[in-house]
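**Q** okay, here's the prediction I keep looking at, along with the sequence it came from:
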Amino acid sequence: MTAIQAIYIRGHEERSDPKPHIVYRIEIQAHVRSWQMWRRYSEFVELHTELISSIGSPPAPLPPKHAFAVLRGPFKDNSGIIEERRAGLEKYLRAIISAKDDKWRECDAFRQFLGTPVGRQGAMAEGSTSKQFSSSSWLDEHLELQAKVRDIRADIIKRDALSDRGDVSASHTVNVQAKKKLAETLSRVRTLTQGLQELAIGAMAEGELQRRTDMVARLQDDCEKLGKMVTITRQSRPGAASPAQGLSNVPAAAELNRTALLGKPVTRVFGPQETNVTRPLDNQGLVQLQKTQMEQQDGHLATLTSILQRQRHLGEAIGAELAIHCELLDDLNNDVDRVGSKLVSAKKQLNRLG
């Protein structure tokens with residue numbers, strides 16, 4: 001296990017999904033790296049229960065839940081209680097880390113709770129599938145993967161800019177880095193998918209499961225697009241340098257000769273009207289531009305498809321809920337009719353007695 005030198009809980013955050021709750025930011029410092037984890041109090045309770053059942057009572061008590069029973073109003077009105085709980089949870093973790101007996105901190109449940117030895121960068125052993133997520137840590141991992149996707153897209157833009165300036169070596173280096181990041185991201189997306197499957201086995205609501213499935217699908221679509229983008233070169237684009245720079249000037253020279261002979265520039269006759277974007281491109285450049293635009297359209301269509309699928313599931317859920325309410329209303333109507341009949345019968349009996 002990674003040797004932990006210090007551990008802190010230095011902040012908290014209010015979250016509303018799936019319902020309002022507080023998560024605490026755990027900062028872990030080791031010899032050569034540091035990372036952070038977000039955990040709810042309920043996850044601390046699960047860890048404490050697991051440690052007691054598998055090893056024994058930890059060296060420090062967990063802040064009791066009943067002491068915070070008043071934590072039901074707005075979170076801003078309970079800042080003192082939240083701070084007291086934060087301090088108690090930090091003391092609990094530090095007691096385990098500093099205990100002479102290492103049986104608690106070497107426990108698999110404690111390792112997974114702190115994210116070690118996997119780490120916050122998602123580095124896992126080759127072929128390992130032991131990464132386990134809680135509901136909140138799964139969302140944290142998804143946020144990190146979204147940042148990774150943005151980082152890879154920025155590398156691709158940087159690669160293209162370097163290629164346009166003629167710096168082929170630097171462009172190639174950036175492209176290699178983008179490919180490595182993409183490979184790591186794909187591995188983490190697969191782990192995230194497996195983690196969602198494990199969460200689905202638990203008590204996750206169907207609507208929340210569908211929402212997270214759509215989130216993973218969008219990540220996979222983004223990675224697929226990035227995979228295509230890192231294989232596209234810019235050597236055919238105007239101004240891009242290549243080892244065959246001398247050969248690329250031959251069409252330009254032929255174009256100048258034809259312009260001098262005919263007295264006017266040669267333009268394409270067939271096809272759509274020329275624009276400022278297509279005018280400087282040759283046939284190969286036009287084909288590449290068309291492919292890029294088609295890929296973008298495919299990406300927009302995939303996003304729209306996932307949104308429509310989610311709307312369909314929401315519509316089906318609303319329809320099922322309405323059907324249940326209709327049945328309840330029917331039952332209520334029948335009960336009202338029965339009570340009305342009994343009232344009429346009772347009134348008749350009263351009239352006879354009168």
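**A** In hand now; what should we look at?
**Q** at which residues are the helices of the stretch 51-200 of the chain located?
**A** Counting by DSSP state H, counting those that start in this stretch, one finds helices in the stretch 51-200 of the chain at the ranges 79-98, 108-114, 135-164, 168-201.
**Q** need those in JSON lines with distance to residue 37, mean neighbour count and mean pLDDT, can you?
**A** Placement of C-beta: from N, CA and C, glycine included. As requested, the helices of the stretch 51-200 of the chain are exported to JSON lines (distance: least, Cβ to Cβ, whole Å; neighbours: other Cβ atoms under 10 Å; pLDDT from 0 to 100):
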{"stretch": "helix 79-98", "distance to residue 37": "10", "mean neighbour count": "16", "mean pLDDT": "89"}
{"stretch": "helix 108-114", "distance to residue 37": "6", "mean neighbour count": "19", "mean pLDDT": "85"}
{"stretch": "helix 135-164", "distance to residue 37": "7", "mean neighbour count": "18", "mean pLDDT": "87"}
{"stretch": "helix 168-201", "distance to residue 37": "15", "mean neighbour count": "17", "mean pLDDT": "86"}
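**Q** let me have those in CSV, adding distance to residue 297 as columns.
**A** Formatted as CSV, the entries for the helices of the stretch 51-200 of the chain read as follows, by distance: least, Cβ to Cβ, whole Å:
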stretch, distance to residue 297
helix 79-98, 48
helix 108-114, 42
helix 135-164, 18
helix 168-201, 22
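**Q** for those helices, which one sits closest to residue 286?
**A** Set against residue 286 and scored by Cβ to Cβ, the helices of the stretch 51-200 of the chain come closest in helix 135-164, at 17.8 Å.
**Q** by contact count, what packs against that closest one?
**A** Using 3 or more Cβ pairs under 8 Å, 6 or more residues apart in numbering; DSSP states H and E, the elements in contact with helix 135-164 are strand 34-40, helix 168-201, helix 206-229.
**Q** will you turn those into JSON lines that also has distance to residue 145?
**A** Supplementary listing: the helices and strands packed on helix 135-164 in JSON lines, determined by distance: least, Cβ to Cβ, whole Å:
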{"stretch": "strand 34-40", "distance to residue 145": "15"}
{"stretch": "helix 168-201", "distance to residue 145": "6"}
{"stretch": "helix 206-229", "distance to residue 145": "6"}
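**Q** for stretch 338-348, buried residues please.
**A** Applying a neighbour-count criterion of 16 or more other Cβ atoms under 10 Å, one finds nothing buried in stretch 338-348.
**Q** quick one: which of the helices of the stretch 51-200 of the chain is nearest residue 227?
**A** The closest of the helices of the stretch 51-200 of the chain to residue 227 is helix 168-201. By Cβ to Cβ, the value is 6.3 Å.
**Q** the closest one packs against which elements?
**A** The criterion is 3+ Cβ pairs under 8 Å, 6+ apart, and the helices and strands that helix 168-201 contacts are helix 135-164, helix 206-229.
**Q** out of those, which comes closest to residue 171?
**A** Closest among these, using Cβ to Cβ: helix 135-164, at 3.9 Å.
**Q** outline the domain layout of this protein.
**A** The record assigns the chain these domain ranges, following automatic domain parsing: 4-114, 135-267.
**Q** JSON lines for those domains, including distance to residue 339?
**A** Formatted as JSON lines, the entries for the domains of the chain read as follows, by distance: least, Cβ to Cβ, whole Å:
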{"stretch": "domain 4-114", "distance to residue 339": "38"}
{"stretch": "domain 135-267", "distance to residue 339": "37"}
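**Q** circling back: which one of the helices of the stretch 51-200 of the chain lies nearest to residue 290?
**A** Comparing those against residue 290 with Cβ to Cβ, the closest turns out to be helix 135-164 (17.6 Å).
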